[in-house]
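next come a sequence and a model predicted from it.
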Amino acid sequence: MSTVAEAAAARAAQTQGPEALTFAKALTSAMADAMRADESVVVFGEDVGTLGGVFRITDGLQKEFGASRCFDTPLAESGIAGMALGMAMNGLRPVIEMQFDAFAYPAFEQIVSHIAKMHNRTRGRVRLPLVIRVPYAGGIGGVEHHCDSSEAYYAQTPGLKVFTPATVPDAYRMLREAIASDDPVVFMEPKKLYWSKDLLDLEALRAKFAHDGARRLSVDGAAVVARPGTDATLIAYGPTVPTALAAAEAAASEGRSVEVVDVRTIVPFDDETVCASVRKTGRAVVVAEASGFASVASEIVARVQERCFHSLAAPVRRVTGFDIPFPPPKLERYYLPSVDRILDALDDLQWED
């Protein structure tokens, strides 16, 4: 066993078991543990060093690892992405922060034209182990340019993985796995979940990852059934998973058993888990914050309709944001998918009397 694995095992032996952590703290812990385990992991972006990031996700990393491994950059997202590309090509594992979803757009050319294509362009000779952290979506009362759901841009770009956790344990597991990946990962973090809290056996996860090394933690490309049910399936990811779970709970009070599937990784997409659920229930609603037209939700609907057509009792429905720019804070609650809107969609699934 390596020194890192021995240290993790020793910490696990002393722990009191699961502890309550916030989603944000789980992300911070994932980066810190990855940096302790591998000196090639570096973290940088706007205000991530001294300040610890706008949402304090990188808080304490510069203090522990120094300004050479966690540092601030100029306000130039294209430069941040380009520098990460060069670092990844030369043996480092950069983790960069885009600060806010819409702030990442100046880096889009670097991400789409170079980061996503490098593996294919070099016939596999050059791998790009880098992570692009993007705080995204609404629910925080933010203004325009601070609450975009931009996942479709990245999901539609071959060569990129797109991860979006919805739970505290997945925040840790999926970020560790993203950092260990030899391919570029766009890591979409639902901002409104940063302050959510859950029990997490952090030391056990550290020990597991130290023991398994770079092997997968079975998250990449694996959706999960977040709530079992028999009458209909809600398919959600990232910020809409808690809303879907709340809607399933409300539906239960009306006598309907609704299953909730958390997609977790948009790319690669787990058709098997999603379609197994829909074939079982015969009805499905896709829930996402992004606008519905030409969206990830649209793609999920198409995949389910193609693969589960003969099992469906009704067409697959969508509950999404509207096809408008993200609204001002006071109108946000009308724009975002809600329990009531989801229940209305469930009511339209041609139930027999």
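Perfect, thanks for sending it.

low-confidence ranges in this protein?
Low-confidence segments of the chain, defined by pLDDT under 70, are located at 1-16, 213-218, 220, 353.

could you pull out the strands in it for me?
Taking DSSP state E as the criterion, the chain contains strands spanning 19-22, 41-45, 70-72, 93-97, 131-136, 161-163, 185-190, 197-200, 224-227, 232-236, 258-262, 265-267, 284-291, 317-321.

can you pull the buried residues of stretch 176-193?
For stretch 176-193, burial by neighbour count (16 or more other CB atoms under 10 Å) applies to 176-181, 183-193. Where C-beta positions appear, they are placed from N, C-alpha and C, glycine not excepted.

surely Val112 touches Thr157?
Yes. Here Val112 reaches Thr157: they are 5.3 Å apart, a contact under CB atoms under 8 Å.

for the most centrally placed residue in the chain, what are its contacts?
The residue at the geometric middle of the chain, judged as the C-alpha nearest the mean C-alpha position with CA atoms, centre = their mean, is Thr164 (1.0 Å). Thr164 is in contact with 136, 151, 187-190, 237-238, 263-266, counting by CB atoms under 8 Å, 6 or more residues apart in numbering.

quick check: the gap between it and Ser150.
11 Å (CB to CB, to the nearest Å).

now swap in Ala20 and tell me
Using CB to CB, we find Ala20 at a distance of 31 Å from Ser150.

ok, now Gly321?
The separation that Gly321 has from Ser150, given CB to CB, amounts to 12 Å.

same thing with Val168?
Distance from Val168 to Ser150, by CB to CB: 23 Å.

neighbour count: the two, which is higher?
Taking Val168 and Ser150 together and counting by other CB atoms under 10 Å, Val168 has the greater number of neighbours (23 against 19).

quick check: buried residues in stretch 262-278?
Counting neighbours by 16+ other CB under 10 Å, one finds that the buried residues in stretch 262-278 are 262-267, 269-271, 273-278.

for stretch 156-163, measure first residue to last.
Distances were taken as CA to CA, to the nearest Å; on that basis the terminal residues of stretch 156-163 are 13 Å apart.

gap between that stretch and the chain center?
Relative to its parent chain, stretch 156-163 has a centroid offset of 12 Å by CA atoms, centre = their mean, to the nearest Å.

please enumerate residues in contact with it?
Residues from elsewhere that reach stretch 156-163, judged by CB under 8 Å, 6+ apart: 111-112, 115-120, 151, 154-155, 174, 177-178, 181, 183-188, 219-220, 264-268.

what's the answer for stretch 113-123, then?
The set of residues external to stretch 113-123 that reach it, using CB under 8 Å, 6+ apart, is 81-82, 84-85, 89, 126-128, 130, 132, 157-160, 183-184.
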